[in-house]
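A.B. asks: quick one, fold the following:
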Amino acid sequence: IVAFFNDVHGLVPRDKLGIPRLATGELHPEECFRIGQTVKAKVLSCSPKQQKMLLSLDLSAAAEKERHVCRELVGTLVAGVVERTSQNEIHLRLDGLDGIDGLLQIEHTTDHSGLRADLVKTFCIGQRVDRMLVLQASDAKRQVVLTKKNSLVWAAASGNLPRDFGNVSNGDVIPGYVSRVTNFGVFVNFLSSLSGLAMRGNVADEFVTDPSKHFQPGQSVRARVLHLDPDTQKMQLSLKQSDCQSGDISFLRSYFTDVWAAAGSLGGVVETRGGMYASIVIGGIADGVVEDSKYGGIVVDLGDDLTGFVKTEHCQDIECEVGQTVRARVLDVDPRKAIVDLSLLPSLVVPSKKTLPLQKPVVGSLIRGTVQLVKPTYAVVTLNEGQNVCFVNCQDYNSRMGDSKSLYTHGATVTVRVVRAASKKRGTSDNR
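C.D. replies: Sure thing, here's the model as predicted:
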């Protein structure tokens, strides 16, 4: 026990006395220290409520490094096993980091709030979790704050996530997350203590009266740096879509990655597109039997416990009876609902004789296509007279409040830019 002024006391554990033989039990503390001796101690942790203080007398370089081990983890990727869960938090035991608590808040399990409830169910006690990014750290608490947001994890893995103020320049577009929304603007956090403010005039391209109608705490965003103040280390940001639109497929890629992971909580396929969906190729042809015909479309039994659904606009002027065998084009798969979206339109199922030889879209090229399906997050579009199936963003990190059906309608002609092309097979899920 070490005493300070004003009747303040602290405890030094045996392994923090700074003498190896004491830690192993070969010596007793009374053999090395005497009552009344003046010592220099470091405060490891302090709990005012419990009036407890944990100290260390080990002032060696190794002890100093150990003391800051949590702080040095910020910006790195870690893995671990779920130890316990609560309504808002998940605690993990991290690989190779004994004694350090990993804290994953529920809002940091995904970039997409609509998938959060299903994804959280996959974090069961004992479940292994890979590729988590350390956002913040507390050496005093021996705790690191983690995120599974793909936007942040992927940016850190590619070296595009600044670690401190000195790594940021005016004009940079940085992935982050909303920490607080006020009537005068939106606060955005990045790694560690790096943060910035988007004033109300820079929250959106349109006139903003209430920032909370555009952004919510915990939402993944991309922020453009407008001004840096080196004296206060404060950043002025813009969250306008015109300043921050991603220009890539990371938002959609993140969505599909998490959709398949969330399907695991519903008895579907976790992460991989194997299992019951192995025989389904998006853009390919599937044979099935009409199971039911109802208002809104046709239900098709595809075998292997797979159900297909043909919306009304994809079976117009086509007569189908229950029990009839049909051939359909696969447009999309929703693993959470265990539904395969199909089309019976001859123009999509049977290629026209005038159709050019199968073409692989060239990355960066602009191609005219036809909208076939409109989902809340994306639209399914066919290219090259129906040869290719592609997916087009309806939302982005900073623009999620709009109605996708106001952007696209079935049958509309659109011009799309190819960002990523399918691998070997036409229309495989790699199109996503």
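A.B. asks: quick one: end-to-end distance for stretch 296-311.
C.D. replies: 6 Å (Cα to Cα, to the nearest Å).
A.B. asks: now do the buried residues in it.
C.D. replies: 297-300, 302, 306, 308-311 (16 or more other Cβ atoms under 10 Å). From N, CA and C alone the C-beta is placed, and that goes for glycine too.
A.B. asks: can you put those in CSV and add pLDDT?
C.D. replies: Formatted as CSV, the buried residues of stretch 296-311 follow (pLDDT from 0 to 100):
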residue, pLDDT
Gly297, 92
Ile298, 94
Val299, 95
Val300, 95
Leu302, 91
Leu306, 88
Gly308, 94
Phe309, 95
Val310, 95
Lys311, 94
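A.B. asks: which helix in the protein runs the most residues?
C.D. replies: In the chain, assigned by DSSP state H, the helix with the most residues is helix 250-262.
A.B. asks: any idea how far Ala278 is from Phe391?
C.D. replies: 20 Å (Cβ to Cβ, to the nearest Å).
A.B. asks: and the two? Which one has more around it.
C.D. replies: Phe391 (24 against 11; other Cβ atoms under 10 Å).
A.B. asks: using the three-state scheme, assign that one.
C.D. replies: strand (DSSP: H, G, I helix; E, B strand; the rest coil).
A.B. asks: what's opposite it in the beta bridge?
C.D. replies: Beta-bridge partners for Phe391, by DSSP bridges, are Val380.
A.B. asks: what's the mean pLDDT across stretch 124-143?
C.D. replies: Average pLDDT, stretch 124-143: 92.
A.B. asks: ditto for stretch 223-241
C.D. replies: The pLDDT scores in stretch 223-241 average 94.
A.B. asks: and the contacts of that stretch?
C.D. replies: Outside stretch 223-241, the residues within contact range by Cβ atoms under 8 Å, 6 or more residues apart in numbering are 165, 168-174, 176, 186, 188, 194-199, 202-205, 214-215, 221-222, 243-244, 396, 398-399.
A.B. asks: now do the end-to-end distance for that stretch.
C.D. replies: 9 Å.
A.B. asks: picking up where we left off before, any of the contacts of stretch 223-241 buried? List them.
C.D. replies: For these, buried by 16+ other Cβ under 10 Å: 165, 168, 173-174, 176, 186, 188, 194-199, 202-204, 214-215, 221-222, 243-244, 396, 398-399.
A.B. asks: now do the helices in the stretch 51-200 of the chain.
C.D. replies: 61-67, 113-120, 150-157 (DSSP state H, counting those that start in this stretch).
A.B. asks: report the angle between the second one and helix 250-262.
C.D. replies: What it means is helix 113-120. Interaxial angle, helix 113-120 versus helix 250-262 (axes from the mean of the first three to the mean of the last three Cα atoms, to 10 degrees): 30 degrees.
A.B. asks: helices or strands next to helix 113-120 in the packing?
C.D. replies: Packed against helix 113-120 by the contact rule (3 or more Cβ pairs under 8 Å, 6 or more residues apart in numbering; DSSP states H and E) you find helix 250-262.
A.B. asks: the last one too?
C.D. replies: Applying 3+ Cβ pairs under 8 Å, 6+ apart, we find helix 150-157 packed against strand 77-85, strand 128-138, strand 173-182, strand 220-229, helix 250-262.
A.B. asks: let me know whether Asp301 touches Asp292 as I believe.
C.D. replies: No - in this structure, Asp301 is not within contact of Asp292 by Cβ atoms under 8 Å, at 9.2 Å.
A.B. asks: low-confidence ranges, the chain, go.
C.D. replies: Along the chain, segments meeting pLDDT under 70 span 23, 59-68, 265-276, 351-359, 401-402, 422-432.
A.B. asks: in this protein, which residue is closest to the centre?
C.D. replies: Geometric centre of the chain, nearest residue: Lys149, 2.6 Å, by Cα atoms, centre = their mean.
A.B. asks: now that residue: how far from Leu197?
C.D. replies: 20 Å.
A.B. asks: just to check, Val12 is in contact with Ala41?
C.D. replies: Yes - the pair Val12 / Ala41 is scored as a contact, 6.8 Å apart, by Cβ under 8 Å.
A.B. asks: looking at the two, which has the bigger crowd around it?
C.D. replies: Val12 (22 against 17).
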